[in-house]
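1. give the three-dimensional model of this entry:
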Amino acid sequence: MYNKKTVLVITWDHPELVTQNFSTAISAAIQGYNLNVTGISISQPIAPQFETIDLSNIAFVFCIGHEALSMIINGKIIYDFFDCPFYVYVLDTPIYNLRNTSGHLLIEYFNRSTKDDRLRILFAEKTYLDLYSNYEFNGLKPRLEFMPFAAFPAVNKKEEKMDRAVVIGGLGTELYLVHEDLLKNLDSYNPYQVSKKQTNELIDAIEHDQFAGNVVKHIVRIFNLEPKDLLDIDFLTFACEIDSYIKKRNRVRAVDSLKNFHTDFYGPGWDVKYKNVDNFRFMGKIKHTQISEITSRYKVLLNFDPNWENGVHDRVFTCLASGTSLITNDNLFLDKLEGNNSNIYRYRPNNPNINELAECAINGYQSTEVKSILLNHTWHTRITTLIENI
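-> Numbers count the residues shown, from 1 in each chain. All right, here's what the predicted structure looks like:
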């Protein structure tokens, strides 16, 4: 009898069920290829989860996030224990994963992937993929691949939608806490001995009307950094602090430009910042598994990508799959979306006009076909591309 191969999908237990929701969707897509899927959570005792698995029959291992790289099996790092293709899907902006307390594990994996063709790193944003594709370790490049996010369609899509905008996701926090305004102090705060002219050039790039969000590529270019610096802890700390500052500032600018438009906010922080705005309602925290159903209740979603320029948050696909109009920061990946995109309204992060766009989205709302999103931007299509390239 034919013994179907098994795929291990490994994740950790996120308090808002983010990684668990990704795991469920990706596992279901993999099962469509006549493969068994076994889910492993590193947040639970490991030994009992491996007891019933035939470890000699693994087709490939898929890690949602890099946290599983801490696992040791029979004295070996997990990716050395399994002699099969091994994937790490980086869900966040890569600089944050590389900088966090377990970032050294991902850096080691980066370096190992340069000489082991089994080991692959998946990015959901292509500008960062292009940047890190220039990195070398002992003259060899890491195995990086582009795997965009996909839709989490609502099971019970709402046909009657509210004449309100919705924001899903928190206000965010800054990592830089020394000064009130990071950019004003950038000349004295950076780990590089660069000229004031270079610092001012970086500030000008960030403040430019056409700035799309990715500050890392500007730091690398203006400060004349080498590819090896991309994994340096000083660079990662500096880049994360600037990025988090800009990310929060851009969200505040966008919401400020709503100008009292009727809007519901799901996520922390907004109620403190905007508690005195009459038409704003603060709905509290939600789980990732609730996003699709909540999005489908509204005529328009205001999205903030995490300073990405060519790759979008899963909210974008989920929103469009729900027939909800989308207001979002300009992003090259939007140009790749098939079908009628008349329900997508774009803004520049440094010059948002969200009130105007929200009025247009609500007043001009029409139910749009979602077939192209559901056909081309599902987890099944993403896994199809991955499996075809194994």
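2. secondary structure element for the nearest residue to residue 70 once chain neighbours are set aside?
-> With Cβ to Cβ, 6 or more residues apart in numbering as the criterion, residue 70 has its nearest non-adjacent residue at 5.8 Å, and that residue is residue 105. (Each C-beta comes from the backbone N, C-alpha and C, glycine too.) Assigned by DSSP states H and E, residue 105 belongs to helix 103-113.
3. which parts of that helix are buried?
-> In terms of neighbour count (16 or more other Cβ atoms under 10 Å), helix 103-113 has its buried residues at 103, 105, 106, 107, 109, 110, 111, 112, 113.
4. need the CA coordinates for the worst-scoring helix or strand of the chain on mean pLDDT. CSV is fine.
-> Within the chain, no helix or strand scores below helix 371-376, which has a mean of 80 by mean pLDDT, DSSP states H and E. What follows is helix 371-376, C-alpha atoms only, in CSV (Å, rounded to 0.1, in the frame of the first residue of the first chain):
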residue,chain,number,x,y,z
LYS,A,371,-13.4,35.6,-7.9
SER,A,372,-10.0,36.8,-9.0
ILE,A,373,-8.9,37.1,-5.4
LEU,A,374,-10.3,33.8,-4.4
LEU,A,375,-8.7,32.1,-7.4
ASN,A,376,-5.2,33.7,-7.4
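5. can you give me the buried ones in that helix?
-> For helix 371-376, by 16+ other Cβ under 10 Å, it's 372, 373, 374.
6. ok, how many other residues are close to residue 76?
-> Residue 76 has 11 neighbours, counted by other Cβ atoms under 10 Å.
7. dihedrals phi and psi, it?
-> With angles defined as degrees, to the nearest 10, residue 76 sits at phi -120, psi 150.
8. tell me which residues form a beta bridge with it?
-> Counting by DSSP bridges, residue 76 is bridged to residue 73.
9. low-confidence ranges, the stretch 201-350 of the chain, go.
-> Residues of the stretch 201-350 of the chain meeting the criterion pLDDT under 70: 338-340.
10. can you give me the strands for it?
-> Counting by DSSP state E, counting those that start in this stretch, the segments of the stretch 201-350 of the chain that form strands are 263-266, 280-282, 298-303, 325-329, 344-347.
11. output the ones you listed in TSV, with distance to residue 48 and mean neighbour count appended to each entry.
-> Putting these into TSV (distance: least, Cβ to Cβ, whole Å; neighbours: other Cβ atoms under 10 Å) gives the following:
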stretch	distance to residue 48	mean neighbour count
strand 263-266	36	22
strand 280-282	41	18
strand 298-303	40	26
strand 325-329	43	25
strand 344-347	47	18
